[in-house]
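# Everything below, folded, please.
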Amino acid sequence: MKLKYLSVLVAAGVATSAVASEKKTWEANAELGAIITSGNTETTTFKGALNVKHNLENWNNEYKLDGIYKEDEVEKDNGTKVTERTNEKYFASAQGNYKLNEENAHLFVYGSYLSDYFGAYRQEAVISGGYGLRLLDTDTMVLNAEIGPGYKYFQYPDDSTEVGDDGELLADEWEGEVIALAKADYTWQISEGAKFTQLVAMEYGSTNTKTRSETALLTKINGSLQMKVGFNVTHNSDVADDKENTDTETALTLVYNF
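Numbers count the residues shown, from 1 in each chain. Prediction:
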């Protein structure tokens, strides 16, 4: 079972806790969830995430790690049941925001890496830069938007049925293209103990346009611990015939704030 990446998330969360206690410029939260069933149906699901923010005089930096691993009991044609990996995905990103003189505006530099064993693409790496602006800022609501150009380098799955212009299979091949990125990030502090967040992001390219929606409701359990219900949707406009355009994920996790 490949759980070492999720273990790294937990270890990193412990290390960040020590740093956060010394430097008030650091903010971090670690997210962890697990579902294990046995009996008539056997499934194992682990989900972990770590978000770190570093607030400086001229820069606001943000770092993210995210991973999910799932196993399910599958019945073969001969009637036997075996346990198989049905989902495994890891994501890492870093973004630096340089504050401008204009209030609530910034220039950003962003980089990310995605490893997805069951997605439309096996691996994706993105680097971009652009301009961001806070469109709404009240006591309870904040809306930020960003836009800019970027470059994506991606790998087709080893079982891909897509073919290139030369008629050859693109399985396991790498391609790159210039893309345009846009993102809107909304936060609503419903009450002292409840918060709603909505993120919509798009990567527009000539080969594929990827759209992500991340919706979450967080409720406070105590001063540092929260319960989170999240619903994520990822849509790819161009995928192989044996792949679905849209992937969804619903998760219930605990979030610890450092």
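# ok, residue 64 - contacts?
By Cβ atoms under 8 Å, 6 or more residues apart in numbering, the contact set of residue 64 is 49, 50, 51, 52, 91, 92, 93, 94. Every residue, glycine included, has its C-beta placed from N, CA and C.
# where in the stretch 1-150 of the chain is pLDDT low?
Within the stretch 1-150 of the chain, the stretches with pLDDT under 70 are 1-24, 40.
# Bridge partners for residue 142, pull those for me.
Per DSSP bridges, the residues bridged to residue 142 are residue 137, residue 187.
# before we move on, the earlier item: any chance of the contacts of residue 64 in TSV, with neighbour count, secondary structure and distance to residue 255 too?
Shown next, in TSV, are the contacts of residue 64 (neighbours: other Cβ atoms under 10 Å; DSSP: H, G, I helix; E, B strand; the rest coil; distance: Cβ to Cβ, whole Å):
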residue	neighbour count	secondary structure	distance to residue 255
49	23	strand	8
50	24	strand	10
51	19	strand	9
52	21	strand	13
91	16	strand	17
92	16	strand	18
93	16	strand	18
94	14	strand	20
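# where's residue 106 relative to residue 156, distance?
35 Å (Cβ to Cβ, to the nearest Å).
# Likewise for residue 226?
In terms of Cβ to Cβ, residue 226 sits 38 Å off from residue 156.
# what's around residue 180, how many residues?
Counted with other Cβ atoms under 10 Å, residues neighbouring residue 180 total 15.
# With adjacent residues omitted, what lies nearest to it?
Nearest residue to residue 180, sequence neighbours excluded (Cβ to Cβ, 6 or more residues apart in numbering): residue 204, at 4.5 Å.
# Is it correct that the one you found is in contact with residue 179?
Yes. Taking Cβ atoms under 8 Å as the definition, residue 204 is a contact partner of residue 179 at 5.9 Å.
# State the helix or strand in which the residue located most distally from the centre of the chain lies.
Distance from the C-alpha centroid of the chain peaks at residue 78, with 37.9 Å (Cα atoms, centre = their mean). Residue 78 is part of no helix or strand, with elements assigned from DSSP states H and E.
# swap in residue 46?
Residue 46 belongs to strand 43-55, assigned by DSSP H and E.
# Name the strands paired with that strand and say parallel or antiparallel.
strand 26-37 (antiparallel), strand 59-75 (antiparallel).
# Counting by contacts, list what the helix or strand harbouring residue 235 packs against.
Per DSSP H and E, residue 235 falls inside strand 225-236. Counting contacts by 3 or more Cβ pairs under 8 Å, 6 or more residues apart in numbering; DSSP states H and E, strand 225-236 is packed against strand 209-220, strand 246-257.
# got the phi/psi numbers for residue 122?
phi -70, psi -40 (degrees, to the nearest 10).
# surely it meets residue 157?
Yes. At 4.7 Å, residue 122 counts as touching residue 157 under the criterion of Cβ under 8 Å.
# Next, show the common contact partners of these two.
residue 172.
# hmm, back to that, any chance of the helices and strands packed on strand 225-236 in a markdown table, plus distance to residue 194 and mean pLDDT?
Below are the helices and strands packed on strand 225-236 laid out as a markdown table (distance: least, Cβ to Cβ, whole Å; pLDDT from 0 to 100):
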| stretch | distance to residue 194 | mean pLDDT |
| --- | --- | --- |
| strand 209-220 | 5 | 96 |
| strand 246-257 | 13 | 93 |
